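J.: Give me a 3D structure for the following:
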Amino acid sequence: MSILILADFPSLNEAGGAFTNGYWKYFRAQLRRAGISPEDCTFMNVFDQPAGSFYAFTQQDKRGALTAFPAIARKAYLRAEFGPALHALYTNIRRIRPNIIITCGELALLAMTHQSKLKFARGRVTTSIASCGNVKVLPVLHPRAVLAEIKQEPVLLMDLMKAKRQSSFPEVIRPQRYLHLRPTLEDLEDFWQEFILPSSALSVDIETKNPLITCVGIAPSPERALVIPFYNGEVPSGNYWSTPREERIAWKFVERCINFEGKRVFGQNFQYDVQYLWRFMGIPAKSWADDTMLMHHALQIEMDKGLGFLASIYSEELAWKFMHKRRVADRSTKKEDE
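T.: From the prediction side, this is the model:
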């Protein structure tokens with residue numbers, strides 16, 4: 001196990017030295033709960049200067065700041081005088097070469113990845129900047145944030161359990177996914193025969209642009225999914241299918257999948273999908289079995305329930321909604337976080 005715990009800076013009340021106050025006693029207890037021995041970890045701070053908040057290391061004016069880093073908050077840029085400390089930190093990390101760095105807090109995340117939004121990065125395995133040697137990074141909540149909102153404790157614990165799994169190897173390994181995009185009618189039938197028929201369950205997800213259903217995603221396994229478009233913003237008509245007949249056949253395919261007797265059909269906030277399919281297309285969901293949002297709520301009533309958050313807890317996926325930009329006109333109106 002090769003784990004580096006990287007925090008922002010020592011607190012003002014760490015009279016006994018860095019990582020000695022109650023926050024870190026609590027954090028060590030959570031490490032042990034996750035199966036990680038604190039004695040096997042290396043603990044470091046981005047900056048060794050004690051401070052009350054990250055604003056002690058920032059300035060409002062972007063001019064003269066460390067321009068390689070985005071603002072950590074509104075008008076909060078890292079001061080240039082801390083450049084040598086960052087250089088020393090990166091040198092130490094390249095020397096230690098851990099399998100994974102667990103960053104605690106916004107400043108540690110910024111120093112390792114040049115990302116400043118912990119809300120979106122938390123729980124997502126990523127890679128450090130080249131200055132650190134492209135080391136694997138897992139951002140987590142700082143223990144002081146968890147103790148200020150104790151309902152976040154299960155989130156921290158599950159992230160640390162993920163860190164333990166990831167610490168046994170240095171590579172960033174993503175799950176293999178096979179996405180079937182822009183299908184023809186022949187592609188739909190081939191997918192039915194090869195992947196739908198042998199499956200025992202189907203995950204279904206629709207995207208909407210009021211009042212249209214723009215596409216339907218169907219996954220017969222965790223590794224493979226088919227996306228059936230019904231909207232194409234690149235053509236004047238907005239239609240993906242060439243003729244009304246082709247579109248009717250595609251909708252019949254969707255209906256076959258959702259009402260396949262003996263298949264368990266589920267989705268995220270699936271009641272939204274079900275009512276949309278029935279109201280606008282007259283398609284019932286007779287095989288609806290589960291809803292991942294409700295299942296998660298039954299397990300962890302106080303946690304967030306959005307699909308992005310669930311993916312950060314239960315999977316190794318990137319924050320996909322921030323991987324590319326879409327035109328505002330093409331954005332879905334489906335609320336998966338509600």
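J.: For Gly105, give its distance to Val140.
T.: 9 Å (C-beta to C-beta, to the nearest Å). (Glycine included, C-beta is placed from N, CA and C.)
J.: Show me how this protein divides into domains.
T.: In the domain annotation for the chain, the residue ranges read 3-166, 178-330 (automatic domain parsing).
J.: Which of those domains has the highest mean neighbour count?
T.: domain 3-166 (a mean of 18; mean count of other C-beta atoms under 10 Å).
J.: Quick one: the helices in the stretch 51-200 of the chain, in order.
T.: 83-96, 106-113, 118-121, 143-148, 153-166, 185-191 (DSSP state H, counting those that start in this stretch).
J.: what residues does the last one touch?
T.: Taking C-beta atoms under 8 Å, 6 or more residues apart in numbering as the criterion, the residues outside helix 185-191 that touch it are His180, Pro183, Leu226, Ile228, Glu246, Ile249, Ala250, Phe253.
J.: Alpha carbons only: can I get that helix in CSV?
T.: Only the C-alpha atoms of helix 185-191 are listed here, as CSV (Å, rounded to 0.1, in the frame of the first residue of the first chain):
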residue,chain,number,x,y,z
LEU,A,185,-32.7,0.3,-38.1
GLU,A,186,-30.5,-2.7,-39.0
ASP,A,187,-28.2,-1.8,-36.1
LEU,A,188,-31.2,-1.8,-33.7
GLU,A,189,-32.1,-5.3,-34.8
ASP,A,190,-28.6,-6.6,-34.5
PHE,A,191,-28.3,-5.1,-31.0
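J.: and it, how far from the chain's centre?
T.: Relative to the chain's own centre, helix 185-191 is displaced by 31 Å; criterion: C-alpha atoms, centre = their mean, to the nearest Å.
J.: how close does Phe47 sit to Gly83?
T.: 11 Å.
J.: cool, and Met112?
T.: Taken as C-beta to C-beta, the span from Met112 to Gly83 is 16 Å.
J.: Check the residue nearest to Pro229 when sequence neighbours are not counted and give its pLDDT.
T.: In space, and not counting its chain neighbours, Pro229 is closest to Tyr240: 4.1 Å by C-beta to C-beta, 6 or more residues apart in numbering. What the model reports for Tyr240 is a pLDDT of 97.
J.: Now do the SS call for Tyr240.
T.: Under DSSP: H, G, I helix; E, B strand; the rest coil, Tyr240 falls in the coil class.
J.: unless I'm mixing things up, it is touching Asn232, no?
T.: Yes. With contact defined as C-beta atoms under 8 Å, Tyr240 counts as touching Asn232 (4.3 Å).
J.: Give me the common contacts of the two.
T.: With contacts taken as C-beta under 8 Å, 6+ apart, Tyr240 and Asn232 have no neighbour in common.
J.: hmm, back to that, please name whichever of the helices of the stretch 51-200 of the chain is nearest to Arg264.
T.: helix 185-191 (18.4 Å; C-beta to C-beta).
J.: can you give me the strands for the protein?
T.: For the chain, applying DSSP state E gives strands covering 3-7, 41-45, 58-59, 77-78, 100-104, 126-127, 136-140, 178-180, 201-209, 212-221, 224-229, 264-267, 288-291.
J.: And the ones you listed: which comes nearest Ala68?
T.: strand 77-78 (8.8 Å).
J.: what about the chain, any weak spots by pLDDT?
T.: Where the chain drops to pLDDT under 70, the residues are 1, 15-16, 321-338.
J.: which residue packs closest to Phe54, ignoring adjacent ones?
T.: Nearest non-adjacent residue to Phe54, counting by C-beta to C-beta, 6+ apart: Leu107, 4.6 Å away.
J.: what separates the one you found from Leu118, distance-wise?
T.: In terms of C-beta to C-beta, Leu107 sits 10 Å off from Leu118.
J.: roughly how far apart are the nearest residue to Phe270 once chain neighbours are set aside and Val265?
T.: The shortest distance from Phe270 to any residue other than its chain neighbours is 4.5 Å, reached at Asp291 (C-beta to C-beta, 6+ apart). Remark: distance between Asp291 and Val265 (C-beta to C-beta) = 10 Å.
J.: what's the answer for Arg94, then?
T.: Distance from Arg94 to Val265, by C-beta to C-beta: 50 Å.
J.: now do Arg122
T.: Relative to Val265, and taking C-beta to C-beta, Arg122 is found at 31 Å.
J.: And for Arg182?
T.: 24 Å.
J.: Also Gly306?
T.: 21 Å.
J.: now swap in Arg32 and tell me
T.: 41 Å.
J.: ok, the residue lying closest to Arg174 once chain neighbours are set aside - contacts?
T.: Distances taken as C-beta to C-beta, 6+ apart place Glu316 nearest to Arg174, at 6.6 Å, with adjacent residues excluded. Contact analysis of Glu316 by C-beta under 8 Å, 6+ apart lists Val125, Lys162, Ile173, Arg174, Pro175.
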